[in-house]
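A.B. asks: any chance you can model this:
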Amino acid sequence: MNIRASMIADPTTLLLSMAAKSVPFLLETMFEIGKEIRDTARRTKANRHKCLRLSERIDILTGFLHEQKLDDTLNESMKTALQKFITFLQKSLEFIKIFTNASYFKRLLYSKDYILQFIEFHNELSQYVVDLNLGISLMSTLVNKKQDEHDRLSDLAESQQYACSTDDNQCARYYPLLSPYKQNLINEKLNGNHQQMIDLQWDHDQHIFFGQYHQQKDSKDDI
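C.D. replies: Next up is the predicted model:
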């Protein structure tokens, strides 16, 4: 028996070992217990349909978790939820094992108790479906918000990079948009001793440029 299999056989060892394990290890443990539940349910001699039904529902949830490609970026709450779900799987496995050797007499004697236990297992499984699905959805929302913020900052950084653009006889140079921002646009190709100037200023509150156009004489005119 390998290490993981021995832990599965001992719920206490399993619970203690999971606390320090990575998410991939938790998922692998979950899938192995799920497979053992499936194989055990097929060998049951009593309450076979109930065992198979519980096993099928467990497969649906473990399959869903597998598709999410979870990793160690999960927060501690989600890791704890996975650990508790694995403990639930272990209890389900031990419960289903009862019916692999159950005699007809024992099945009749304890049938009502077993029916109630099946209901409890299904109810608990339903709660895990809700909790894990909600947790993953919330994490996805947080990841999307972080990505949106990252995209916004990336776009802002790109807009603040030095750029030079030309348009006919005008040349404008844009520098990082750090408030207060002020830059002159000068048409250096005009004939004569006059320069065409536009004073641009960045309005931090309104996130727009505003400018004032005027002509400036060359300093030689004053000599």
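A.B. asks: which residues touch the nearest residue to residue 74 once chain neighbours are set aside?
C.D. replies: Closest residue to residue 74 apart from its sequence neighbours, by Cβ to Cβ, 6 or more residues apart in numbering: residue 23 at 5.4 Å. In this view, the C-beta of every residue, glycine as well, is placed from N, C-alpha and C. By Cβ atoms under 8 Å, 6 or more residues apart in numbering, the contact set of residue 23 is 70-72, 74, 79, 82.
A.B. asks: now residue 23: how far from residue 114?
C.D. replies: 34 Å (Cβ to Cβ, to the nearest Å).
A.B. asks: what's around residue 128, how many residues?
C.D. replies: By other Cβ atoms under 10 Å, 17 other residues sit near residue 128.
A.B. asks: which one is it nearest to, not counting chain neighbours?
C.D. replies: The spatial neighbour of residue 128 that comes closest, neighbours along the chain excluded (Cβ to Cβ, 6+ apart), is residue 85 at 5.2 Å.
A.B. asks: confirm that neighbour sits in a helix?
C.D. replies: Yes - counting by DSSP: H, G, I helix; E, B strand; the rest coil, residue 85 is found in a helix.
A.B. asks: so who does it touch?
C.D. replies: Applying Cβ under 8 Å, 6+ apart to residue 85 gives the contacts 30, 61, 128, 132.
A.B. asks: and which of the residues you listed is nearest residue 36?
C.D. replies: Of all the contacts of residue 85, the one with the least separation from residue 36 (Cβ to Cβ) is residue 30, at 11.0 Å.
A.B. asks: and the residue nearest to the closest one when sequence neighbours are not counted, how close does it get to residue 31?
C.D. replies: Closest residue to residue 30 apart from its sequence neighbours, by Cβ to Cβ, 6+ apart: residue 86 at 5.3 Å. With distances taken as Cβ to Cβ, residue 86 is found 10 Å from residue 31.
A.B. asks: higher neighbour count, those two?
C.D. replies: Taking neighbours as other Cβ under 10 Å, residue 86 and residue 31 compare with residue 86 leading, 23 against 16.
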